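[1] dropping a prediction and its sequence here:
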Amino acid sequence: MLEVENLRKVYDTGDEALTGVSVDIGGREVVAMIGPSGAGKSTFVRCINRLTEPTDGTVSLDSEELTGLDDEELRVERRNIGMVFQEYNLVERLTVMENVMQGRLGYLSNWAALRRNFPPEDIERAYELLDLVGLDGMEDKRVDELSGGQRQRVGIARAVIQEPKILLADEPTSSLDPETSSVVMELLTHIADDRDVPVLINIHEVGLAERYADRILGLTAGELVFDGTPTELTDEAKDVIYRGETFDDTSHSGVDEAPDQETAVPETAPLLED
Amino acid sequence: MAGAVDTSSWERYDGRSRAWRIGLIALSVVIVVVSWWWLDITLKYAATAPDRLADLLFRMYPPDIGYLPQVVAPLLETVQIAVVGTLGAVIVAAPVAYITAENTTPNRGTYLLGKLIVTVSRSVHTIVWALLFVVMFGPGAVAGTVATAVRSVGFVGKLLGEEIEEIDFGQVEAVRATGATPFQLLVYGIIPQIKPALIGVSVYRWDINVRAATILGFVGAGGIGVKLFEAIDSFAWRTVSAMLLAVLGIVLVSEVVSAYTRRLVR
């Protein structure tokens, strides 16, 4: 159960990306967060595992308050949160297996990690997952030889092998064609069901959200303005989320693809600080 | 036709920037002339140079091939100085690179420390380092090896540091999001991204070090240079030419190895 209370984020530039968002996510629900570019969707997701440090508010996972943890405690707790990225963020020069196994690093000693000495049960799980995502036989391929759709499936396997309590997906379909996008969404919903974990997907394709999600959150200008089922997401509701601006169900929201703070987040904090 | 643009003439530079350019060229000429005058360069030796060169070549020919077996050991020592020196340098340079890169250095102090190490190491020539270490360790290959390593730390550290600054941080972030330790982050997120540079830079530096090590003997720091210096001192020009050929051979080999290895990694 993920509980977010009054989450607020102000970037160094003074932009207020989140103005105080509260939401609970639990069970095995697939939650899609929609909203125009720059609404704060990515910021919200990244604040949950503190890849972006929230300014205010609390995030708790199974009553463990993430926002109050120190570096080492946070590292340990991050093992319970799987994350899938828009640009896949796989380590390109490593093999598929090595990328999937990154999901187990938190449980491994440094020495074992260095020697790629993974426990047999993890290897078994990795093979099962590669099978599940449709990449069986690809374990020794280097990731830079894969297509976008295949990469995202490796990304999903890496997140799922963590055996997380929640799966976060930050625009997992934005870099993919419509057909592959559907495959990825199906996979994510299947995992929610199969592994009994909630999945939070932030996505700008409203059509995909309506088709695959159990619940939709509408974010606009850092504020949660909609929380309901896909059937409750009426045209009026969409108007509120997109502030009356036209949007296109199939691909991008009609809102200008302005350089938004959502993607411009690599914080310059030293690498090993957290 | 829009606006009042004169369409019959076009100039790459306007008057102001042309004046700048002419001024800079004039300045360069002045610097050359002043340096020439300052250094008191005369051309009186230029007239006799061809004769002297011909004379030297005559005395060098034919190379004393029979001497070559005696060169094998010092030549191997030269290569070993380069190998061990480079290896040591890379090991030391890795953490230096880490604290020199702006995106991985822990804080401002470590960043400056890294830059200081790189600068000090790079600003002193290998031969000068060797002079220093011959005093410390006595003459021989140890001094040469340490000098090679110390000079290479800056080179390797600087280039690797720049490579770390260029990595895709998204990949690192994803590994961190799984709950990996800082060390695991390094092994899984950063090193794979700089691996080609790590190998390329190391082999390239080794190649440079082989060439540099051939003259380390001039200051008593081991290698083929010791013999070369002896031969020059005793005007044994045919021995000198034989050794120069051997050095040329080893340099060519190292160059080929370096080029080949760098092509292998991707």
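    Arrived safely, thanks for sending.

[2] for residue 215, grab the count of nearby residues.
    I went with chain A, as the question did not name one. By other Cβ atoms under 10 Å in any protein chain shown, 21 other residues sit near A:Arg215. For the C-beta atoms, the positions are set from N, CA and C on the backbone; glycine is no exception.

[3] hmm, no, I was thinking of chain B.
    Quick note: B:Ile215 (other Cβ under 10 Å) scores 20 neighbours.

[4] I'd guessed it sits against B:Ile127; true?
    Yes: the pair B:Ile215 / B:Ile127 is scored as a contact, 6.7 Å apart, by Cβ atoms under 8 Å.

[5] give me phi/psi at A:Leu94?
    Backbone torsions of A:Leu94, given as degrees, to the nearest 10, read phi -100, psi 160.

[6] contacts only, for the residue in the stretch 101-250 of chain B that chain A sits nearest to.
    Chain A sits closest to B:Gly179 of the stretch 101-250 of chain B, with a gap of 3.0 Å, by Cβ to the nearest Cβ. Contact partners of B:Gly179, counting by Cβ atoms under 8 Å, 6 or more residues apart in numbering or on different chains, are A:Arg75, A:Val76, A:Glu77, A:Arg78, A:Arg79, A:Asn80, A:Leu105, A:Gly106, A:Gln162.

[7] also A:Gln86?
    Counting by Cβ under 8 Å, 6+ apart, A:Gln86 touches A:Asp170, A:Glu171, A:Pro172, A:Ser174, A:Ser175, A:Thr263.

[8] most neighbours, which of these?
    Within these, most neighbours by other Cβ under 10 Å means A:Pro172, with 27 neighbours.

[9] which strand residues bridge the nearest residue in space to that one that is not next to it in sequence?
    In space, and not counting its chain neighbours, A:Pro172 is closest to A:Val84: 4.8 Å by Cβ to Cβ, 6 or more residues apart in numbering or on different chains. Applying DSSP bridges to A:Val84 gives these bridge partners: A:Ala169.

[10] what's the neighbour count on residue 157?
    All of this refers to chain A. Look at A:Ala157: counted by other Cβ under 10 Å, it has 29 neighbours.

[11] wrong one, I was asking about chain B
    Using other Cβ under 10 Å, B:Gly157 has 29 neighbouring residues.

[12] with the one 10 residues further on instead?
    Counted with other Cβ under 10 Å, the burial measure for B:Ile167 works out to 19 neighbours.

[13] how about the secondary structure of it?
    Three-state call for B:Ile167 (DSSP: H, G, I helix; E, B strand; the rest coil): coil.

[14] which residue, other than its chain neighbours, is closest to it?
    B:Gln193 (4.3 Å).

[15] may I ask which helix or strand encompasses that neighbour?
    Assessed by DSSP states H and E, B:Gln193 sits inside helix B:191-213.

[16] where is the longest helix in chain A?
    helix A:178-195 (DSSP state H).

[17] buried residues in that helix, which are they?
    A:Thr180, A:Ser181, A:Ser182, A:Val183, A:Val184, A:Met185, A:Leu187, A:Leu188, A:Thr189, A:Ile191, A:Ala192 (16 or more other Cβ atoms under 10 Å in any protein chain shown).
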